[in-house]
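give me the fold of what follows.
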Amino acid sequence: GIDDAIAVYLSNTAATRKHRTLLAYTLATSDFRKVCPGKEWLDQIDKSDLTAYVVSLKKSGQDDHTIANRVGNVVTFLRGQGITNVTLRHKYTEKKVKAYSVEEIRALNAASTDEELQIWQFFLGTGFREEEVSHACDTDVDFRQKSISVLEKRQWGWEPKDKEERTVPI
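Just a heads-up that it's a prediction; the model follows:
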């Protein structure tokens, strides 16, 4: 049944993907399951169920980007179950990223402790993601090359996004 398939899918996700991915897939499949409670078998699911899912997410106040991600997660689950005739692409407007102004950065720096200031400068100087910063080590720094590398840290069970190690000039 659907519930068993979801349980196996989430168990496999827990064993092979990052915890945040598991949380996203758990939320998406759980919310999706709520919009088709009368359906017991995967072959009963159709496009109307995905449409109902979009409607429920809209009613709960989710933005279009979140809806697109959640629908994508459910479609990934369904395709993994061999259901390829059910698809729905939810469109959203890609938001333009606004950089902080010099005044905003100065205000942040003024309100920060010395330790926080070092962290902000590290983010700014490297362009690292949050997890990359939290897993950076002094051994990742190459002072001769004036660079720092994002490297897998097996001892902590951490790997870079998309398993892509990289080196960044600093």
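
any idea how far the residue located most distally from the centre of the chain is from Thr87?
Largest separation from the mean C-alpha position in the chain: Arg144, at 34.5 Å (C-alpha atoms, centre = their mean). Distance of Arg144 to Thr87, given as C-beta to C-beta, to the nearest Å: 51 Å. (Each C-beta comes from the backbone N, C-alpha and C, glycine too.)

give me the buried positions along stretch 47-57.
Within stretch 47-57, the residues scored as buried using 16 or more other C-beta atoms under 10 Å are 49-50, 53-54, 57.

actually stretch 61-80, not the one I typed
Buried-residue list, stretch 61-80, by 16+ other C-beta under 10 Å: 62, 67-68, 70-75, 77-78.

which one of the residues you listed is nearest Lys95?
Proximity of the buried residues of stretch 61-80 to Lys95 was ranked by C-beta to C-beta; the top entry is Ala68 with 12.5 Å.

quick one: name whatever helix or strand follows the one helix or strand the closest one maps to.
For Ala68, the host element (DSSP states H and E) is helix 64-80. The C-terminal neighbour of helix 64-80 among helices and strands, as given by DSSP H and E, is helix 102-111.

against which helices or strands is that next one packed?
helix 114-126 (3 or more C-beta pairs under 8 Å, 6 or more residues apart in numbering; DSSP states H and E).
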